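# A predicted structure for the sequence below; I have some questions about it.
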Number of protein chains: 2
Amino acid sequence: MNAPAPVVGRLPGYLQALESLLRQGITTVSSEELARRCGVGSAVLRRDLSHVGASGRRGVGYDCAQSAARLRVFMGLDRTRRIGIVGAGRLGSALADYAGIRTSGFELVAVFDVAAPVVGSVVGGVPVAHLDALPEVAAERGLELLVIAVPGPQAQEVADLAVAAGVRGLLNFAPVVLSVPSGVHVQHVDLATELQVLAHYTAAAPAPAPVSIPAPVSAETVVISRESQ
Amino acid sequence: MNAPAPVVGRLPGYLQALESLLRQGITTVSSEELARRCGVGSAVLRRDLSHVGASGRRGVGYDCAQSAARLRVFMGLDRTRRIGIVGAGRLGSALADYAGIRTSGFELVAVFDVAAPVVGSVVGGVPVAHLDALPEVAAERGLELLVIAVPGPQAQEVADLAVAAGVRGLLNFAPVVLSVPSGVHVQHVDLATELQVLAHYTAAAPAPAPVSIPAPVSAETVVISRESQ
DNA sequence: TGCTGTGAAGGTTTTCACAGCA
DNA sequence: TGCTGTGAAAACCTTCACAGCA
C-alpha cells in the first residue's frame, strides 16, 4: 500500500497535470502525453500509476477524472486537509495567499506570528493569532499540517510546539534541520540548498556529456526535483 | 567527477553544517557527529565526502575548513555565483532579502519585474529593472542563475528569455513544468507539491502515540527532502 | 585506540521490451 | 492497431562490516 519515496515525490505532479487537463475539458490521456507534460518517462509514469491503483484502458489511455480520484485517495487528499502557517512575514503571507493551496486539497485554517502589529490582522483569509495560542487553535480547528516560515533560530521551538499540539506533518522553510519525534514528517525547503545544487550542475561551463543519444523530443528538459527518504 | 543526484542533494547540507561548526570555532568533526547534525547516516556521509575528494584523518575526523573548501569547489562555489530574481512580489522580495543567499556563496546582482510601481525601487539591495531589460542586464552583470518567482502563466516566458540570455540554471517557484533546452538545469520548488507529499505521509491518522518506546537517541528525525534526477 | 575509507552484499528504482487486452 | 501493465534485467544507491592508518 505504501509507495517508494521517489514515487510519492512524483505523484503530485501527475495529479496536478490531470486536473489541468480536466479543466481544459480533456477526459482521456495516454501515458506518453501525460509523461511528457510531467517531465518523466512514460514507463515510469505507467508503473507509478499502477502503484496507486489507477488503471488505464489498453489502446485508449487513462481516464483523467478516475485517475485523479485514485491519486487523491492515495495521497490522503480525498478529504480536505487543514493546514496552518507560522510566520506572517512576506514569505508566510505570500504562501498564505497562494491560490494553489485551496485547489490542491487544503484549507488554510490558521496563521500565527509573534509580532504585535500583525497579530489580529487578516492574512490568507484568516485572522493572525499569536503563536502562544497555537495549542488551543490547533485543537479547535483540527490542524493537521503546519508550514514553518519563521527565521531559523525560532524554527525548532515552533516545531516542538506544533508536535506537542498533535501536528504530524511539517513543511519547513527555515534553514535548520528540525528534530522531531518518530512519526512526525518533515519536508524541508531551503533556498540556499536549491541554489547550491543548481550551482553544482552549472559549474562546468563546457559542453554537456551525459546524454549522447539524440533526444526524440525537440526540447529536452532536465528537471531536478524532490525526493528521498 | 560527477556525483549521483542523491549525493548532490545532500552536499549543501554538509557544507552548511560545516560552516556552522566553523562559526562556533569547532575545527574538527567526526562523521558520526556531522551526520547526526545533517540527519543522515554516518556511512552515507563518509561515502558522500569521499566522493567529493574531502578526506578526514583516521582516528580524528574531518577538518571542517578543508572539507568545506573541498565541498565548495565541488559545488562550483569556489567563486561567487551571480544570481537574479524575477518577480519582486512578496515571495520574490522575501527571497531577495534572505541573508543566506550571500553567506552561501551567491551574489544577488539583479531583480526584475513588470509592474510599473516596483520597477526602480530597491529590493534585496539592488534596483528593480523591467523584465524587458533582462537580456542587457544579464550580459552586463554576468548573470548565471535565475530564480523565477512569478505567477504560473508567466513562468515559461521568463524561462525562455533567461535561456536566450545565456542563463543555465533556473530555480522555479511557479507551479508549472518548465520546458528548457538540454544543458539548462531547472530546480522546481512547489508549495502544493510539498504539501501533497506531506498529506500522503500523514494520511493514516491513527491516535497520537503517547510516550511509547524510549528512543535510543532522544529525538529521532524523519526528514524527507530533496533529490533525484 | 578511534575513526576513516571502501570492498562486497543487499535492496531498491529504473529501464527495456513485449504480452495482452480493448 | 494502439496503448497499457508488468516480468526480467540492468543500473543505481545504501548498508554493512572491517581493514588500515594516525
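Received, thanks. Quick caveat, the model's predicted, so the values are computed rather than measured.
# switch to C-alpha atoms for all contacts and neighbour counts from now on
OK.
# how about the helix or strand containing A:R10 against DNA strand D, any contact?
Secondary structure from DSSP states H and E places A:R10 in helix A:5-23. No: counting by C-alpha under 7 Å from any atom of the strand, DNA strand D has no neighbours in helix A:5-23; the shortest distance is 10.7 Å.
# which secondary structure elements does that helix sit against?
Helix A:5-23 is packed against helix A:31-38, helix A:64-74, helix B:191-201, with contacts defined by 3 or more C-alpha pairs under 8 Å, 6 or more residues apart in numbering or on different chains; DSSP states H and E.
# mind listing what A:V118 touches?
The neighbours of A:V118, taking C-alpha atoms under 8 Å, 6 or more residues apart in numbering or on different chains as the test, are A:88, A:128.
# what about it, distance to A:V147?
From A:V118 across to A:V147, the span is 17 Å (C-alpha to C-alpha, to the nearest Å).
# domain ranges for chain A, per the record?
Domain segmentation of chain A under automatic domain parsing yields A:5-74, A:81-189.
# looking at the ones you listed, which is nearest to B:S67?
domain A:81-189 (19.9 Å; C-alpha to C-alpha).
# give me the number of residues near the residue of chain A found nearest DNA strand C?
Using C-alpha to the nearest atom of the strand, the closest approach of chain A to DNA strand C is made by A:P4 at 3.6 Å. Using other C-alpha atoms under 10 Å in any protein chain shown, the number of residues around A:P4 comes to 13.
# now swap in A:A5 and tell me
Using other C-alpha under 10 Å, A:A5 has 15 neighbouring residues.
# which parts of chain A sit against DNA strand D?
Residues of chain A found near DNA strand D (C-alpha under 7 Å from any atom of the strand) are A:29-32, A:43, A:46-47, A:49-50, A:54-62.
# nearest to B:G92, of the domains of chain A?
Here domain A:81-189 is closest among the domains of chain A (C-alpha to C-alpha), at 8.7 Å.
# what about the helices in chain A?
A:5-23, A:31-38, A:42-52, A:64-74, A:90-96, A:100-103, A:134-141, A:152-164, A:191-201 (DSSP state H).
# dump those helices to JSON lines, plus mean pLDDT and distance to B:Q156.
Putting the helices of chain A into JSON lines (pLDDT from 0 to 100; distance: least, C-alpha to C-alpha, whole Å) gives the following:
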{"stretch": "helix A:5-23", "mean pLDDT": "98", "distance to B:Q156": "16"}
{"stretch": "helix A:31-38", "mean pLDDT": "98", "distance to B:Q156": "13"}
{"stretch": "helix A:42-52", "mean pLDDT": "97", "distance to B:Q156": "23"}
{"stretch": "helix A:64-74", "mean pLDDT": "97", "distance to B:Q156": "24"}
{"stretch": "helix A:90-96", "mean pLDDT": "98", "distance to B:Q156": "21"}
{"stretch": "helix A:100-103", "mean pLDDT": "96", "distance to B:Q156": "18"}
{"stretch": "helix A:134-141", "mean pLDDT": "98", "distance to B:Q156": "38"}
{"stretch": "helix A:152-164", "mean pLDDT": "98", "distance to B:Q156": "32"}
{"stretch": "helix A:191-201", "mean pLDDT": "98", "distance to B:Q156": "18"}
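# ok, and the closest non-adjacent residue to A:A96?
Once flanking residues are discounted, A:A96 sits nearest to A:G124: 4.6 Å by C-alpha to C-alpha, 6 or more residues apart in numbering or on different chains.
# how far away is that neighbour from A:I83?
Where A:I83 is concerned, A:G124 sits at a distance of 12 Å (C-alpha to C-alpha).
# ok so, going back, run a quick neighbour tally on the residue nearest to A:A96.
So A:G124, with other C-alpha under 10 Å, has 20 neighbours.
# and stretch A:47-66 with chain B, contact?
No: Stretch A:47-66 is not in contact with chain B by C-alpha under 8 Å from any C-alpha of the partner chain; minimum separation 11.7 Å.
# list the buried residues for that stretch?
Within stretch A:47-66, the residues that qualify as buried are A:48-49, A:51-52, A:54-56, A:61-66, counting by 16 or more other C-alpha atoms under 10 Å in any protein chain shown.
# picking that back up, out of the domains of chain A, nearest to B:L195?
B:L195 lies closest to domain A:81-189 among these, at 7.2 Å (C-alpha to C-alpha).
# and that closest one, how far out from the chain's middle?
Its chain's C-alpha centre and that of domain A:81-189 lie 15 Å apart, by C-alpha atoms, centre = their mean, to the nearest Å.
# count of neighbours near A:L134?
Counted with other C-alpha under 10 Å, A:L134 comes out at 23.
# my guess is it meets A:V114, correct?
No: assessed by C-alpha atoms under 8 Å, A:L134 is found out of contact with A:V114, at 11.0 Å.
# can you list the residues of chain A near DNA strand C?
Within chain A, the positions adjacent to DNA strand C are A:4-7, A:41, A:43-44, A:47, A:57-59 by C-alpha under 7 Å from any atom of the strand.
# one more time with 6 Å, if that's ok
A:4-7, A:41, A:43-44, A:57-59 (C-alpha under 6 Å from any atom of the strand).
# what two of the residues you listed are the furthest from one another?
A:A5 and A:G59 (29.9 Å).
# for chain A, what's the longest strand?
Ordering each strand of chain A by length in residues (DSSP state E) puts strand A:106-113 first.
# what pairs with that strand, and is each one parallel or antiparallel?
Strand A:106-113 pairs in its sheet with strand A:81-86 (parallel), strand A:126-130 (parallel), by DSSP bridges.
# most packed of those?
Of the strands paired with strand A:106-113, the one with the most neighbours on average (mean count of other C-alpha atoms under 10 Å in any protein chain shown) is strand A:81-86, at a mean of 24.
# just to check, A:R70 is in contact with A:S55?
No: between A:R70 and A:S55 there is no contact under C-alpha under 8 Å: 9.1 Å.
# contacts only, for A:A174.
Counting by C-alpha under 8 Å, 6+ apart, A:A174 touches A:148-152, A:155, A:188-190.
# and it, how far from B:L71?
Separation of A:A174 from B:L71 (C-alpha to C-alpha): 22 Å.
# surely A:A35 meets A:G41?
Yes: with contacts counted by C-alpha under 8 Å, A:A35 reaches A:G41, the gap being 5.7 Å.
# who has more neighbours out of these two?
Between A:A35 and A:G41, counting by other C-alpha under 10 Å, A:A35 is the more crowded of the two (20 against 14).
# not counting its neighbours along the chain, what's nearest the more buried one?
In space, A:A35 is closest to A:S42, 5.1 Å off (C-alpha to C-alpha, 6+ apart).
# and the nearest residue to A:V167 once chain neighbours are set aside, how many neighbours?
Leaving aside its sequence neighbours, A:V167 sits nearest to A:E144 (C-alpha to C-alpha, 6+ apart; 5.1 Å). Each residue near A:E144 was counted by other C-alpha under 10 Å, and the total is 24.
# cool, thanks, talk later.
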